[in-house]
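Asker: Provided below for reference: sequence and predicted model.
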Amino acid sequence: MNAKKYTIVDLVEANHKRISSTKKQLELLRKNIDKIRNNVNTKKINYPTFKECYEYVDNLFPRANVKRVTLYKPSPLLMQKLGFGHAGGFYDRISKIVVFTRSRSPVGPRDKYAIKAKLNQDEVIVHELCHYSYFEEGKSSVSQELNEEFAYGWSIGYLRQKGYSDEDIVEKNFLPYLYNNYRNPIAFSVLARHGISKDDYGSFSKWKKNSTYMKHRSQIHKETLSFATQEGLKLVNIYSKKLNGEDSGKTVDKGSNFSFLDFDD
């Protein structure tokens with residue numbers, strides 16, 4: 001069978017559809033953010049409430065003027081209704097809105113393989129204010145991993161002030177994000193060791209994909225958890241040096257598509 005030859009017209013039409021889809025997504029996002037801002041039950045918080053959070057980030061990035069930032073706290077129910085799921089918070093770089101909803105107890109469906117953050121509200125706020133500072137200081141990147149690394153990394157000093165060990169920081173803050181980052185490549189590595197290539201898996205029916213994944217899920221989980229923990233401790237080490245004025249110049253970035261929102265689940 002001959003491969004389909006794409007014309008300039010095909011490429012233009014595909015690009016137009018992509019742009020149109022992105023535009024619709026952004027329009028929906030703008031509407032949903034307005035709904036968060038204008039909802040009667042959304043709390044609006046300004047400095048000096050959560051003073052320690054604001055001042056920690058302000059000391060790191062004084063040019064960002066984080067003390068001017070208004071925090072919006074919608075109900076978790078509203079977040080789910082608007083399609084944000086169980087996100088504990090996010091920063092939108094276009095509207096410059098910082099949202100947080102996190103309570104101390106992790107939310108979401110029960111699953112023995114699920115990795116959940118165990119965050120207090122102040123920890124979410126510090127993370128999101130670091131995201132705000134990232135863009136305000138002109139450090140915008142096409143890599144979502146770099147954006148997240150920045151926020152997680154520069155939050156380390158605040159978490160240590162609260163008495164967290166390096167292991168606590170990784171387990172309670174970093175692990176869900178890193179676990180999700182590495183799960184797919186590790187899954188394909190595990191499957192390859194059982195004689196199933198990525199192409200083979202891609203050709204499976206939906207039912208067969210699910211049954212194959214579930215068969216090896218325990219091993220995938222174990223290896224992903226171990227690798228993500230190691231990478232989290234590396235991140236702590238890198239940013240500990242940065243916080244001490246030693247710029248190691250290293251990152252744990254793997255690269256990904258740009259995201260307008262920095263979600264923290």
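Answerer: Received, thanks. Note that the coordinates shown come from a computational prediction; the quantities given were computed from them, not determined experimentally. Residues are numbered from 1 along each chain as shown.

Asker: Residue 133 contacts residue 62, doesn't it?
Answerer: No. Residue 133 is not in contact with residue 62 according to CB atoms under 8 Å; the separation is 9.5 Å. Yep, even glycine has a C-beta here, placed from its N, CA and C like the rest.

Asker: who has more neighbours, those two?
Answerer: A count of neighbours by other CB atoms under 10 Å puts residue 133 above the other of residue 133 and residue 62, at 24 against 12.

Asker: can you give me the strands in this structure?
Answerer: Under the criterion DSSP state E, the chain contains strands at 43-45, 71-73, 89-92, 97-100, 261-264.

Asker: buried sites along the first one?
Answerer: Of the residues in strand 43-45, those buried by neighbour count under the rule 16 or more other CB atoms under 10 Å are residue 45.

Asker: pLDDT (mean, whole number) over that strand?
Answerer: Summarised as a single mean, pLDDT over strand 43-45 is 95.

Asker: packing partners for it?
Answerer: strand 71-73 (3 or more CB pairs under 8 Å, 6 or more residues apart in numbering; DSSP states H and E).

Asker: Flag the helix or strand of the chain with the lowest per-element mean pLDDT.
Answerer: Ranking every helix and strand in the chain by mean pLDDT, DSSP states H and E puts strand 261-264 at the bottom, with a mean of 44.

Asker: Hmm, residue 72 is touching residue 96, no?
Answerer: No. Applying CB under 8 Å as the test, residue 72 and residue 96 come out as separate, 11.3 Å apart.

Asker: These two: which is more packed in?
Answerer: Between residue 72 and residue 96, residue 72 has the larger neighbour count (other CB under 10 Å), namely 18 against 13.

Asker: Run through the bridge partners of that one.
Answerer: residue 44, residue 99 (DSSP bridges).

Asker: list the contacts for it?
Answerer: Residue 72 sits next to 36-37, 42-45, 97-100 when contact means CB atoms under 8 Å, 6 or more residues apart in numbering.

Asker: List the buried residues in stretch 41-53.
Answerer: Quick answer for stretch 41-53 (16+ other CB under 10 Å): 42, 45, 47, 50, 53.

Asker: end-to-end on it?
Answerer: 23 Å (CA to CA, to the nearest Å).

Asker: what's next to that stretch, contact-wise?
Answerer: 36, 54, 67-75, 78, 121-122, 125-126, 129, 158.

Asker: can you do 10 Å?
Answerer: 35-37, 54-56, 58, 66-75, 77-78, 98-101, 121-129, 155, 158, 161-162 (CB atoms under 10 Å, 6 or more residues apart in numbering).

Asker: ok, so what distance separates the closest residue to residue 192 other than its chain neighbours from residue 191?
Answerer: Distances taken as CB to CB, 6 or more residues apart in numbering place residue 198 nearest to residue 192, at 7.5 Å, with adjacent residues excluded. Using CB to CB, to the nearest Å, residue 198 is found at 8 Å from residue 191.

Asker: Thanks a lot, see you next time.
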